[in-house]
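Q: structure of the sequence below:
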Amino acid sequence: MMTGRALRGIQFQRRFLLLLLALFIPAFISGFAHGQTQPAATAPAQASLPVLEVAAIKPVKNPSPNVQDRTDGRRLLARNVTVRDLIMMGYELDPGQIADGPAWMATDEYDIDAEAVEGVQLDDQQKEEMLLKDLLADRFKLTFHHEQRTLAVYLLVVAKSGPKLKSAGPDEVENSGCERPGVCNFRNRTLSNFARFMQFVVLDRPVVDRTGIAGAFDFSLKWTPDESQFSRLGLLLRPPAEDSNSPPPLFEAIQEQLGLKLEPARGPVDVIVVDHIERPSAN
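A: Residues are numbered from 1 along each chain as shown. Now for the predicted structure:
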């Protein structure tokens, strides 16, 4: 369960769009050998040439839960962000996948105006992530290593009834979105994408795709959210009212509508362990 300030009270529409980007990125949970170390500066995602040209970082005097960020060509503007927010966005992590580091990582807030090197446009999500990683390494001196730790997870598996999924067309555009919490549509999306959506947007723990089903699909999911869901978007949902006409709860809806199941379990998850980080120097 998320604790502290991280992502609490963030505006729904802005954070919803940001976290939906997780649907376009392969699952981060992977098989690292226990205890394997890898400094941030040599991580595979940073193996290419540096993306960051310059960055102005200013401490926020009056902290606010209203995190904002936007890109404009080569520029990335972020307001009221913590280092923990930046790590989560740059490395596409669940909060539970960030370990150690000083307490100020989750409390000190910054306004950031960063610019990418000439020729790099930040409309590509991968480029924005690379810029954030460069920013963390260069200005916050972040170094870390990977470990596998046993955490509470959900396993996405096939239900006994079998999957109820429609294959996407070969030329269909990838598209996903929610009309409102509990009414979501997925077009040309893999089940790994769906698991990642469940992890970053709806649920409070990592979700691992164990269906073994390849390919992309078109499907919709309608359910009645409870007060524990969508908390990462800063939403405080009311407990569902008893109404026979309401859609079923999430776990039941996934089984009935998709022929899949979410099973609670404990399993190995890749975790970033912070070895060193510094507050940024004055600009």
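Q: domain ranges for this structure, per the record?
A: 12-144, 149-268 (automatic domain parsing).
Q: looking at these, spot the one closest to Val274.
A: Nearest of the domains of the chain to Val274, taken as Cβ to Cβ: domain 12-144 at 3.4 Å. Bear in mind the C-beta positions are built from the backbone N, C-alpha and C, glycine included.
Q: tell me the mean pLDDT for the closest one?
A: What domain 12-144 shows for mean pLDDT is 71.
Q: show me the helices in this protein, by range?
A: 12-20, 83-91, 125-139, 191-197, 250-253 (DSSP state H).
Q: can you say which of these is packed in most?
A: Of all the helices of the chain, helix 191-197 carries the top mean neighbour count, a mean of 24, counting by mean count of other Cβ atoms under 10 Å.
Q: on contacts alone, who are the packing partners of that one?
A: Helix 191-197 sits against strand 143-158, strand 183-189, strand 207-209, with contacts defined as 3 or more Cβ pairs under 8 Å, 6 or more residues apart in numbering; DSSP states H and E.
Q: got the contact list for the second one?
A: Translated: strand 183-189. Strand 183-189 is contacted from outside by 23, 168-169, 172-179, 193-194, 197, 216-222, using Cβ atoms under 8 Å, 6 or more residues apart in numbering.
Q: distance to Ala265 added to the helices of the chain, as CSV?
A: CSV is the format used below for the helices of the chain (distance: least, Cβ to Cβ, whole Å):
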stretch, distance to Ala265
helix 12-20, 23
helix 83-91, 23
helix 125-139, 29
helix 191-197, 13
helix 250-253, 14
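Q: wait, which of the ones you listed is closest to Asp204?
A: Taking Cβ to Cβ, helix 250-253 is the member of those nearest to Asp204, at 12.0 Å.
Q: which elements pack onto the closest one?
A: Here helix 250-253 touches strand 260-276, going by 3+ Cβ pairs under 8 Å, 6+ apart.
Q: buried sites along the strand it packs on?
A: Under the neighbour-count criterion of 16 or more other Cβ atoms under 10 Å, strand 260-276 has Leu260, Lys261, Leu262, Gly267, Pro268, Val269, Asp270, Val271, Ile272, Val274 buried.
Q: using CSV, write out every CA atom in it.
A: Provided in CSV are the C-alpha atoms of strand 260-276 (Å, rounded to 0.1, in the frame of the first residue of the first chain):
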residue,chain,number,x,y,z
LEU,A,260,-8.9,-14.4,-16.6
LYS,A,261,-8.1,-14.3,-12.8
LEU,A,262,-6.1,-12.2,-10.5
GLU,A,263,-4.6,-14.4,-7.7
PRO,A,264,-2.9,-12.9,-4.7
ALA,A,265,0.6,-14.3,-4.1
ARG,A,266,4.1,-13.6,-2.9
GLY,A,267,6.9,-13.7,-5.4
PRO,A,268,10.3,-12.3,-6.5
VAL,A,269,10.1,-8.8,-7.9
ASP,A,270,12.9,-6.6,-9.3
VAL,A,271,13.7,-3.8,-6.8
ILE,A,272,15.9,-0.8,-7.2
VAL,A,273,18.0,-0.3,-4.1
VAL,A,274,19.3,3.3,-3.7
ASP,A,275,23.0,3.3,-2.9
HIS,A,276,23.7,7.0,-3.1
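Q: and that strand, which strands flank it?
A: strand 98-99 (parallel), strand 143-158 (antiparallel) (DSSP bridges).
Q: what about stretch 96-107, how long is it end to end?
A: Distance across stretch 96-107, first residue to last, is 16 Å (Cα to Cα, to the nearest Å).
Q: now it: how far from the chain's centre is it?
A: 16 Å (Cα atoms, centre = their mean, to the nearest Å).
Q: ok, Val54 - contacts?
A: If you count contacts by Cβ under 8 Å, 6+ apart, Val54 has them with Ala114, Glu115.
Q: bridging residues for it?
A: With DSSP bridges as the rule, Val54 is bridged to Glu115.
Q: over to Val157?
A: Here Val157 sits in beta bridges with Lys261, going by DSSP bridges.
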